[in-house]
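> Would you be able to build a 3D model of this:
(chains A and B)
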Amino acid sequence: MKNKFNRNEKLFDAVLKVAAEEALWNEVNAMPSCEVLNKMYPRTESLDEKINAVSKREFKKEGRKKVLSAFTKIAAGFLFIFAVSIGTLIINSALQDETDTGDAMFVLGYIPQGFSLVSTQYTFANDTGQNFTVGGVYASLEDENVSTRENAEARQQRRTLYIYDENTITWQVGEYIFAITASLDYEILEKIREGMSVN
Amino acid sequence: MLFMIFEIQITEDEKKLMERICDMYHGTMLYVANSILKDPNLAEDAVSESFVKMTKHLKKFHDISCHQTKSYIVSIVKTTSYDMCRKMHRKKEAPEDFPKTTSGKNVDILKDMINQESYETLLRTIMSLPDQLKNVLYLHTEGYSHDEIAKTLGISYDNSKKRLSRARQLAKKALEDKKNEK
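Residues are numbered from 1 along each chain as shown, chains lettered A, B, ... in the order given. Have a look, this model is predicted:
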C-alpha cells in the first residue's frame, strides 16, 4: 500500500512537471515576439546606466563581503597563533623547574628537599616556614669590616668565604659576590653554596 | 559602455553573452516589468535588478534564443517586479491560507491524471497560481535547486521549498475537486 502511494506521488510529480513546462510555454508564447517587444521598448542609455549602477552596487557588496571574510580569516589566524603562544607560555611556566633562577647570574645545583622558589628575589621556602635567600652582585668586594675565615677548599678554588653572621654566608667567585641568607643550619647553607655556580 | 563594472568580475565571453541577452530580451523584460509595475522608470529598475541576478547563473545559458532561457528570464523579471511592487505598497507576503496537504491516501489520482480532462485542469490550475508560487514551480521544473531558486528570487531556501509544496498542494486539490465533481 505504501509503495503504491509513493509510486503515485512520484507519478503525480512527473505529470506536474510536464504540466508546469507546458504552462510556462503557453505563458511565454502568449507574449509578443522579442522583435516586436524590442521595438516597443527600445534599449536606452538610461537602462544601461541603471544596470551599471546596480552592478556596481552589487560588486561593492560582494567586494565588502570578500574583504570582511578575508579579515575574519586573518583575525582568526592571529587569534589562533596568539592562543597557542599564550598556551605554550602557560605550559612552560607550569613545567618550569621550581629551582630555575631564570636570568640570575648564578645557578643553584642543590636545593634542600621541600624547598621551592617563592619570590623573584630568589627566596626559597618550605611548608614549615624555613627559608633562604640567594643573591649575587657583580663587583669586587673588599670589605675590611668583615671578618674573614678562609676555607681550605675555597682557597684551592681561589674563593674566599666571608661570614657576616650565623645566618649568612657570603663569598666571592671571580668578580662576583654571592650570599645566602637563611634560617638554616650552617651545614645546609654550605651544601647550597657548594652547589652554586656562575650562570 | 555596458558592463564596465563587470570587467572585473566576469570573463570576456560572459560579457559578450550578457550583451547579447540584453540586446535580445530587453524589450521582453521591460514589457513584463511594465505590465506589473505600470511605470517605465520602475520597469527599468526592475530589469536592471533582474540583470544582476542573471549574472550569477550565466553558466546555465547554453542557447540564449531557446525557450528555456526566455522562460527563465521572464520568471526572474516577474518576481523582481512583484517584489518591488510589494515593497512599494508594503504588502505582506503570500497569505497562509492555502489548503493543508491532502494525505492522498484515499485518493487514487493516478487514474485521473491519465485522463485528458484532468490534465487540462492541472494545466489551468498551474497557470492560475499566484506568481510567487508559479515562479518557484517553473524554476524547479527547469532544473534549478532550491538554493539557486532562493538566490535568484531573493527568498530564503525554506521559503522556496514551502512555495513549491504549496503549489503542489493546490494542484492536487484541483484534481481532487475535479474528481469530486463527477
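> Could you pull up the residues touching the closest residue to chain A within chain B?
When scored by C-beta to the nearest C-beta, chain B has residue B:27 as its residue closest to chain A, at 3.2 Å. C-betas here are computed from N, CA, C, even on glycine. Contact analysis of residue B:27 by C-beta atoms under 8 Å, 6 or more residues apart in numbering or on different chains lists A:34, A:36, A:37, A:38, A:39, A:40, A:41, A:42, A:43.
> domains for chain B, by residue range?
B:8-91, B:95-182 (automatic domain parsing).
> now those as JSON lines including distance to residue A:114 and mean pLDDT?
What follows is these, written out as JSON lines (distance: least, C-beta to C-beta, whole Å; pLDDT from 0 to 100):
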{"stretch": "domain B:8-91", "distance to residue A:114": "72", "mean pLDDT": "83"}
{"stretch": "domain B:95-182", "distance to residue A:114": "67", "mean pLDDT": "77"}
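> and residue A:43, that's in a strand?
No: assigned with DSSP: H, G, I helix; E, B strand; the rest coil, residue A:43 falls outside any strand and is coil.
> Just to check, it is in contact with residue B:21?
No: taking C-beta atoms under 8 Å as the definition, residue A:43 is not a contact partner of residue B:21, at 11.8 Å.
> related to what we said a few turns ago, so which of the domains of chain B is nearest residue A:22?
domain B:95-182 (6.1 Å; C-beta to C-beta).
> Could you tell me how far the closest one lies from the centre of the chain?
Centroid displacement of domain B:95-182 relative to its chain, using C-alpha atoms, centre = their mean, to the nearest Å, is 13 Å.
> Check stretch A:183-191 too.
41 Å.
> sorry, back to before: quick one: buried ones out of the contacts of residue B:27?
Buried subset of the contacts of residue B:27 (neighbour count, 16 or more other C-beta atoms under 10 Å in any protein chain shown): A:34, A:37, A:38, A:41.
> Would you mind listing the residues in contact with the closest residue to residue A:109 other than its chain neighbours?
Using C-beta to C-beta, 6 or more residues apart in numbering or on different chains and skipping the chain neighbours, the partner closest in space to residue A:109 is residue A:195 (3.3 Å). By C-beta under 8 Å, 6+ apart, the residues touching residue A:195 are A:108, A:109, A:110, A:111.
> And for residue A:194?
Shown in contact with residue A:194 (C-beta under 8 Å, 6+ apart): A:109, A:110.
> That one: helix or strand, and which one exactly?
helix A:186-195 (DSSP states H and E).
> Tell me which residues of that helix come out buried.
A:188, A:189, A:191, A:192, A:193.
> what do you get for stretch B:63-82?
For stretch B:63-82, burial by neighbour count (16+ other C-beta under 10 Å) applies to B:64, B:68-82.
> and chain A, which of those contact it?
B:70, B:71, B:74, B:75 (C-beta under 8 Å from any C-beta of the partner chain).
> Show the contacting residues for the residue minimising distance to the centre of chain B.
Centroid-nearest residue in chain B, with C-alpha atoms, centre = their mean: residue B:135, separated by 2.2 Å. Contact partners of residue B:135, counting by C-beta under 8 Å, 6+ apart, are B:75, B:78, B:79, B:153.
> Against residue A:49, how distant is it?
As defined by C-beta to C-beta, to the nearest Å, residue B:135 lies at a distance of 28 Å from residue A:49.
> confidence score at residue 1?
I'll assume chain A. On pLDDT, residue A:1 comes in at 61.
> ah, I was thinking of chain B
In this model, residue B:1 carries a pLDDT of 46.
> who's in contact with the residue of chain A most remote from its centre?
Taking C-alpha atoms, centre = their mean as the measure, the residue most remote from the mean C-alpha position of chain A is residue A:36, 69.7 Å away. Residue A:36 makes contacts with residue B:27, as judged by C-beta under 8 Å, 6+ apart.
> State the helix or strand in which it lies.
Per DSSP H and E: helix A:34-40 holds residue A:36.
> Following element in sequence after that helix, please.
Sequence order places helix A:45-95 as the next helix or strand after helix A:34-40, per DSSP H and E.
> What's the mean pLDDT across that next one?
Taken as a whole, helix A:45-95 has an average pLDDT of 84.
> Which strands or helices does that helix pack on?
Here helix A:45-95 touches helix B:6-9, helix B:12-37, helix B:40-55, going by 3 or more C-beta pairs under 8 Å, 6 or more residues apart in numbering or on different chains; DSSP states H and E.
> secondary structure class for residue A:110?
Three-state secondary structure (criterion: three-state DSSP) places residue A:110 in coil.
> circling back: now the helix holding residue A:36, how far from the centre of its chain.
That offset, for helix A:34-40, works out to 67 Å (C-alpha atoms, centre = their mean).
> Domain boundaries for chain A, per the record?
The record's domain parsing of chain A by automatic domain parsing lists A:2-76, A:106-198.
> closest to residue B:165 out of those domains?
domain A:2-76 (11.5 Å).
> and that closest one, how far from the chain's centre?
That offset, for domain A:2-76, works out to 49 Å (C-alpha atoms, centre = their mean).
> returning to that earlier point: compare the domains of chain B and give me the one nearest residue A:3.
Among these, the nearest to residue A:3 by C-beta to C-beta is domain B:95-182 (12.8 Å).
> State the distance from residue A:62 to residue B:160.
In terms of C-beta to C-beta, residue A:62 sits 22 Å off from residue B:160.
> What subset of the contacts of residue A:195 is buried?
Neighbour counting by 16+ other C-beta under 10 Å classes A:108, A:111 among the contacts of residue A:195 as buried.
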